[in-house]
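Student: following is a predicted model, sequence given first.
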There are 2 protein chains.
Amino acid sequence: MQGGIQLIQNKQKKVVIIGAGFGGLWVAKTLANTGFHVTIIDKNNYHTFLPLLYQVSAAEVAPEQIASPVRNIVRKHNNIHFIRGAVSKIQYSTKTVLCLGQEIPFDYLIVSAGSENNYFNIPGVARYAFPLKTLDDAMVLRNHILTCFERASFVNDEKQRKRLLTVVIVGGGPTGVEFAGALAELIAGPLKKDFPELQHEEITVYLIEASDRLIGMYPEKLGDYTCKQLQKKGVKVVHNAAVTNIDATGVQLNNGGIIPTETVVWTAGVKGELIANDLNVKTMPNGRVIVDEYCRVPGYDDVFIIGDLACFMHNGKPLPMIAPVAMQQGRYVGKHLLQKLKGKTPIPFQYRDKGGMVAIGRNKAIAQIAGLHLKGYIAWILWIFIHILYLIGFKNKIFVMINWVYSYIFFEKSVRLILPRCCDDPHGDACLQRGRSCKG
Amino acid sequence: MQGGIQLIQNKQKKVVIIGAGFGGLWVAKTLANTGFHVTIIDKNNYHTFLPLLYQVSAAEVAPEQIASPVRNIVRKHNNIHFIRGAVSKIQYSTKTVLCLGQEIPFDYLIVSAGSENNYFNIPGVARYAFPLKTLDDAMVLRNHILTCFERASFVNDEKQRKRLLTVVIVGGGPTGVEFAGALAELIAGPLKKDFPELQHEEITVYLIEASDRLIGMYPEKLGDYTCKQLQKKGVKVVHNAAVTNIDATGVQLNNGGIIPTETVVWTAGVKGELIANDLNVKTMPNGRVIVDEYCRVPGYDDVFIIGDLACFMHNGKPLPMIAPVAMQQGRYVGKHLLQKLKGKTPIPFQYRDKGGMVAIGRNKAIAQIAGLHLKGYIAWILWIFIHILYLIGFKNKIFVMINWVYSYIFFEKSVRLILPRCCDDPHGDACLQRGRSCKG
């Protein structure tokens, strides 16, 4: 076979999937070993198990443990191919997408490119805050936090030390909550032993939430429980406060509060951003693209949008931006196409709400499943089980589970690494090219 | 305790160790829980198990598996402290070292900062070649190789594809040999399955050696065996050839040969480079600092240089730049200082040559131990045993061993990741700030 675009049998329908996240992968898996020629395109060569991303930034697991090379997943299936690159344009008029200067033809296009950070145009956020959406983000954030601790152990100026030892997490949704809990435990546990020279009273973690309760998509009782558990771990939870400005010295809130810090973590908003295209789409204010009951762009029976990027109305509200939605939509679109291939009429997408759960540190969680509200240890066991199940589901290795459970339980996995290091920064501050300029 | 420099009991002698490599760490371990106040300074917050570095670049193990956070190692010992930073100057006149703008006092100074790449001023090497000395280097190289394969699977131009699929390793010493073997197996194994669209005849690995045999520090028979094994794996071994120039399109050799490639790996030379200082040192042409029989800079009884940076004469030749030398010297210097503390006269350093070994892929090696020359499978078993022994020795976790052996045997560890990705490069080429400018 030649390099370049795969030779395609003339009669095979070409399915192009943009994004190797949960949505895209689940479409591909459903179409594995069928009559379709499937091409997955992603700018990374791996799929990230995003529900555990916060554990990478809290130095609990290594990045490799939640990343799966896409080629490893697809190589078992002859009809699925992978291109590593960014799609710059959707050209419906020619039924192609533009990627790395080449036009890739499609009969069916599935866009599952995920969501972007929404900084709401608040001054300083894009420049100074640390997002937590990708594996690169998680590594940068981990490196930064550890570097701040290293620098704090070396400076004599009390104010500067306090700034280095203050972390402000903006956004009290599941991501912010899970990261706050994990970070608080990292600080109280391994970092306390690693940095005996630091005064632990000087270390503070804030969780800032604009509304009056955390994880607002869950019942109030569970939100209150979550808040209390975080406070027990030493997290300062601030409700009804929004960020108005971030600069090099700290963050300003709309209640007049100013928190001096070198670390602001942004988990307060996401939006959709469809690739440049010649489609006729309608979007919500947050950029999510409105789709019909078949997850298609209205007016097109061959362009599907799924996952975070899609706005699929369910009981009068858009489905949330969570992994189970993307997975179910992915599986649905795969089946939809298979039905069409057989000449049958596909049925609309039906979302099955299996509930959700949020971890609070290493032994507590809240969960909402089948109308039941669970909290505490039992919810956490369930959380572990579900996550391992899904992690294993596509990694297919029992050993990974043992490894993960072991390191999770013993908490001594050596991932408190500032790695990689870049730039010739005298502090040796690790950073990666963030957007356009190096932060170090 | 305050942040900043540790309060030191007045009578404690202060030992400052520059470098948390094998030499530096072994000094610290020997002085653990003794009357010395020990400070280790390193620009990274982790120790790297360098003998397995090539496995990171060949996508066999994850970086975290060969990196140990220094604080994790030292926290058990109250008298050992760590500063993450680069030492910019040794100021013997004031018995201090300058680090992050602060002067750190010492009574005894041990410099174990390791060696640097030696590019011999050959045009283009510093700019275009990929070194393999640090964990950052290994990640950059791994990412680059995988990216080249991704790009090759997408380009139609045959010449460009060939360039992307050619890897030239310069330097037939242990590092070059081990990496060549691992890379050849990566290509013939997992990458062959990952990239079914590529013609494997187009993929070539060269190993360029300036002398007439590989691993010249071992007996000729073992060098020949090594060469044959590599050739069996498909590596093109080129003897008696030196690089005269490298540019963006490839590498030129002094025998007139030109190899078009985008990947030149430099393992052909190292040198010493002592930090700026006001000492009166003598160095070899390659920058290694000449030390006396006590590993001290001649004329100073309180400044020691060990490991790669030291030129310690043994049987008329400098000791090689290998881990066992650094470890033994580290342990020696620790004992030397303890003897002095007790008012005794230290004895000179005696190096015990325990031999060495070189892996050739996953089931062959050569070893020279106690006068015995071993090769093949039995040498490899020994290689595994010794490396695990040392890896465990300081990681102290049986589970790490099981994990490593498992992934090594089954070779399906998902580390074929292009991670992290940086810059807004349309190819998504992963790179880190290399020296001064981003290569991507």
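Tutor: Nice, thanks for sending it over.
Student: grab the nearest non-local neighbour of A:Ala67.
Tutor: Computed as C-beta to C-beta, 6 or more residues apart in numbering or on different chains, the closest residue to A:Ala67 that is not its neighbour in sequence is A:Tyr46, at 4.3 Å. No exception for glycine: its C-beta is placed from N, CA and C like everyone else's.
Student: what bridges to the one you found?
Tutor: On the basis of DSSP bridges, A:Tyr46 is bridged to A:Pro69.
Student: quick one: contacts for it?
Tutor: Contact analysis of A:Tyr46 by C-beta atoms under 8 Å, 6 or more residues apart in numbering or on different chains lists A:20, A:67-70, A:135, B:414, B:417-419.
Student: those in helices, which ones?
Tutor: Those of the contacts of A:Tyr46 mapping onto helices are A:70, A:135, per DSSP state H.
Student: any stretches of the stretch 301-440 of chain A with poor pLDDT?
Tutor: Residue ranges of the stretch 301-440 of chain A with pLDDT under 70: A:391-414, A:422-440.
Student: now the residue nearest to A:Ser112 when sequence neighbours are not counted, what's its secondary structure?
Tutor: Spatially, and ignoring its direct neighbours in sequence, A:Ser112 is nearest to A:Gly23 (3.4 Å; C-beta to C-beta, 6+ apart). Secondary structure, DSSP: H, G, I helix; E, B strand; the rest coil: A:Gly23 is helix.
Student: is A:Gly23 in contact with A:Gln328, as I believe?
Tutor: No: if you go by C-beta atoms under 8 Å, A:Gly23 and A:Gln328 don't touch, sitting 9.2 Å apart.
Student: those two: which is more packed in?
Tutor: The residue with more neighbours, out of A:Gly23 and A:Gln328, is A:Gly23; 34 against 22, by other C-beta atoms under 10 Å in any protein chain shown.
Student: any idea how far that one is from chain B?
Tutor: Look at A:Gly23 and chain B: by C-beta to the nearest C-beta, to the nearest Å, they are 20 Å apart.
Student: now A:Cys148
Tutor: Counting by C-beta to the nearest C-beta - A:Cys148 and chain B are separated by 11 Å.
Student: element containing that residue?
Tutor: helix A:135-152 (DSSP states H and E).
Student: contact partners of the host helix or strand of A:Val97?
Tutor: According to DSSP H and E, A:Val97 maps onto strand A:96-99. With contact meaning C-beta under 8 Å, 6+ apart, strand A:96-99 is reached by A:16, A:18, A:41, A:83, A:85-91, A:103-106, A:109.
Student: so what's the residue nearest to A:Lys193 when sequence neighbours are not counted up against?
Tutor: Leaving aside its sequence neighbours, A:Lys193 sits nearest to B:Arg75 (C-beta to C-beta, 6+ apart; 5.1 Å). Counting by C-beta under 8 Å, 6+ apart, B:Arg75 touches A:193-194, A:196.
Student: okay, helices next: where are they in the stretch 101-250 of chain A?
Tutor: A:125-128, A:135-152, A:158-164, A:174-188, A:190-194, A:220-232 (DSSP state H, counting those that start in this stretch).
Student: can I get the ones you listed in CSV with mean neighbour count, mean pLDDT and distance to A:Asn255?
Tutor: Output for these, formatted as CSV (neighbours: other C-beta atoms under 10 Å in any protein chain shown; pLDDT from 0 to 100; distance: least, C-beta to C-beta, whole Å):
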stretch, mean neighbour count, mean pLDDT, distance to A:Asn255
helix A:125-128, 18, 96, 17
helix A:135-152, 24, 95, 25
helix A:158-164, 18, 96, 20
helix A:174-188, 24, 96, 18
helix A:190-194, 18, 91, 30
helix A:220-232, 18, 97, 17
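Student: can you redo those helices as TSV with distance to A:Ile384?
Tutor: Formatted as TSV, the helices of the stretch 101-250 of chain A follow (distance: least, C-beta to C-beta, whole Å):
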stretch	distance to A:Ile384
helix A:125-128	33
helix A:135-152	20
helix A:158-164	33
helix A:174-188	13
helix A:190-194	20
helix A:220-232	17
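Student: relative to B:Leu183, which of the ones you listed is closest?
Tutor: helix A:135-152 (24.5 Å; C-beta to C-beta).
Student: and the closest one, what does it pack onto?
Tutor: If you count contacts as 3 or more C-beta pairs under 8 Å, 6 or more residues apart in numbering or on different chains; DSSP states H and E, helix A:135-152 packs onto helix A:53-57, strand A:130-131, helix A:158-164, strand A:263-266, strand B:80-84.
Student: return the distance of the last one from the chain's centre.
Tutor: How far strand B:80-84 lies from its chain's middle: 22 Å, per C-alpha atoms, centre = their mean, to the nearest Å.
Student: ok, A:Tyr206 - contacts?
Tutor: A:166-169, A:235-238, A:259.
Student: show me which of those is closest to B:Ser153.
Tutor: Among the contacts of A:Tyr206, A:Ile169 lies closest to B:Ser153 (C-beta to C-beta), at 40.1 Å.
Student: who is the closest one paired with across the strands?
Tutor: Beta-bridge pairing for A:Ile169 (DSSP bridges): A:Leu207, A:Val265.
Student: my guess is it meets A:Glu209, correct?
Tutor: No: with contacts counted by C-beta under 8 Å, A:Ile169 stays clear of A:Glu209, the gap being 9.5 Å.
Student: name the residues contacting each of these two.
Tutor: Residues touching both A:Ile169 and A:Glu209 (C-beta under 8 Å, 6+ apart): A:Gly176.
Student: residues near A:Pro51, how many?
Tutor: 22.
Student: and the contacts of A:Tyr206, which two are the farthest apart?
Tutor: With distances taken as C-beta to C-beta, the most widely separated pair in those is A:Thr166 and A:Val237, at 14.7 Å.
Student: compare those two (neighbour count), which wins?
Tutor: Each of A:Thr166 and A:Val237 has its neighbours counted (other C-beta under 10 Å); A:Thr166 has more, 23 against 20.
Student: need the contact list for the nearest residue to the more buried one once chain neighbours are set aside.
Tutor: For A:Thr166, ignoring the flanking residues on the chain, the nearest one in space by C-beta to C-beta, 6+ apart is A:Thr261 at 4.1 Å. Going by C-beta under 8 Å, 6+ apart, A:Thr261 touches A:163, A:166-168, A:250-251.
Student: run the chain-centre distance for stretch A:91-100.
Tutor: Distance, centroid of stretch A:91-100 to centroid of chain: 27 Å (C-alpha atoms, centre = their mean).
Student: right, I mislabeled it, should have said stretch A:298-312
Tutor: Here stretch A:298-312 shows a centroid-to-chain-centroid distance of 20 Å under the convention C-alpha atoms, centre = their mean.
Student: please apply the same query to stretch A:156-175.
Tutor: The answer for stretch A:156-175 is 22 Å, by C-alpha atoms, centre = their mean.
Student: residues in contact with the residue lying closest to A:Phe130 once chain neighbours are set aside?
Tutor: Excluding its sequence neighbours, the residue lying closest to A:Phe130 (C-beta to C-beta, 6+ apart) is A:Leu141, at 4.7 Å. By C-beta under 8 Å, 6+ apart, the residues touching A:Leu141 are A:57, A:130, A:132, A:265.
Student: show me which residues of the stretch 201-350 of chain A sit near chain B.
Tutor: Counting by C-beta under 8 Å from any C-beta of the partner chain, the stretch 201-350 of chain A comes close to chain B at A:Glu202.
Student: how about the strands in the stretch 201-350 of chain A?
Tutor: A:204-208, A:235-238, A:243-247, A:250-253, A:258-260, A:263-266, A:270-271, A:289-290, A:303-305, A:310-311, A:313-314, A:317-318 (DSSP state E, counting those that start in this stretch).
Student: mind giving me the domain ranges of chain A?
Tutor: Segmentation of chain A into domains, based on automatic domain parsing, reads A:2-115+A:272-341, A:125-270+A:356-432.
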